[in-house]
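Sequence plus predicted model, see below.
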Amino acid sequence: MTAVVFVHGTGVREPGFSALVGRVTAGLAAQCDGLRVLPYPWGAAHGATLAADGASLPPRSGTTRGLVEGPTQPGPGDEAAAAWALLYDDPYAELALAAARSGPAVERPPGSVPPQQSIRALLTALAARGDAPAAALGPGLTRACTALAAHPCSAPRPTPSTRRTSPSSRPAP
């Protein structure tokens, strides 16, 4: 008996996976009797999941998350195109927007570590391990971690006690 291993595409998850396997099996059976289809549903175990109800995706047409400001009324589909254009121009735009909306900086207790410093340290440690932790995904982990650690979104935000004034902006004695 001939076996066919069916590997689905990147966007396939249940319940669509079972329906797709059924269609593939029926289509192959119509071409050749005695085929055995072996589905490999890798998406659930190894694929990406849509967390936070898709908060990282550009808004659906007709809705907005404030990426496009101003009084203009976008036409149908313009909001999605504008959101994608913004992300193509600056892939970190939504992170910067979220950081800008996070509220004013607050005084931290002495000796506490800012969250950005912890994230930066984790990214730096991961980059130091090289590409080995994600070898199955191909090269680039070190470069990506280094770039994220150096990005302004992961830089510490100044608090009132850490802000410095330039000599020209200090009051004269």
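Cool, the structure landed. For clarity, every value in this text was computed on a predicted model and none was experimentally measured. Residues are numbered from 1 along each chain as shown.

Strands along this structure, start to end?
Using DSSP state E, the strands of the chain run over 2-7, 35-40.

and the ones you listed as JSON lines, adding mean neighbour count and mean pLDDT?
Bear in mind the C-beta positions are built from the backbone N, C-alpha and C, glycine included. Formatted as JSON lines, the strands of the chain follow (neighbours: other C-beta atoms under 10 Å; pLDDT from 0 to 100):
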{"stretch": "strand 2-7", "mean neighbour count": "11", "mean pLDDT": "87"}
{"stretch": "strand 35-40", "mean neighbour count": "13", "mean pLDDT": "88"}
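
Distance to A132 for those strands - can I get that in TSV?
Output for these, formatted as TSV (distance: least, C-beta to C-beta, whole Å):
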stretch	distance to A132
strand 2-7	25
strand 35-40	25
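
If I look at the residue nearest to G43 when sequence neighbours are not counted, what pLDDT would I see?
Excluding the flanking residues, the one nearest G43 by C-beta to C-beta, 6 or more residues apart in numbering is R13, at 5.2 Å. R13 is assigned a pLDDT of 79 by the prediction.

could you list every residue that touches R13?
By C-beta atoms under 8 Å, 6 or more residues apart in numbering, the residues touching R13 are G43, A44, G47.

what would those residues look like in CSV with pLDDT, neighbour count and distance to A149?
Formatted as CSV, these follow (pLDDT from 0 to 100; neighbours: other C-beta atoms under 10 Å; distance: C-beta to C-beta, whole Å):
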residue, pLDDT, neighbour count, distance to A149
G43, 81, 19, 30
A44, 76, 11, 31
G47, 77, 13, 26
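
In helices, which of those residues fall?
Residues of those located in helices (DSSP state H): G43, A44.

of the contacts of R13, closest to A147?
Closest approach to A147 among these (C-beta to C-beta): G47, at 24.1 Å.

Nearest the middle, which residue of this structure would you pick?
For the chain, the residue nearest the mean C-alpha position is S56 (6.4 Å; C-alpha atoms, centre = their mean).

out of the contacts of R13, who's nearest H8?
Minimum separation from H8 among these (C-beta to C-beta) is found for G43, which lies at 6.4 Å.

gap between the closest one and L50?
Distance, G43 to L50, by C-beta to C-beta, to the nearest Å: 12 Å.

what about the longest helix in the chain?
In the chain, assigned by DSSP H, the helix with the most residues is helix 16-31.

Who are the packing partners of that helix?
Judged by 3 or more C-beta pairs under 8 Å, 6 or more residues apart in numbering; DSSP states H and E, the packing partners of helix 16-31 are strand 2-7, strand 35-40.
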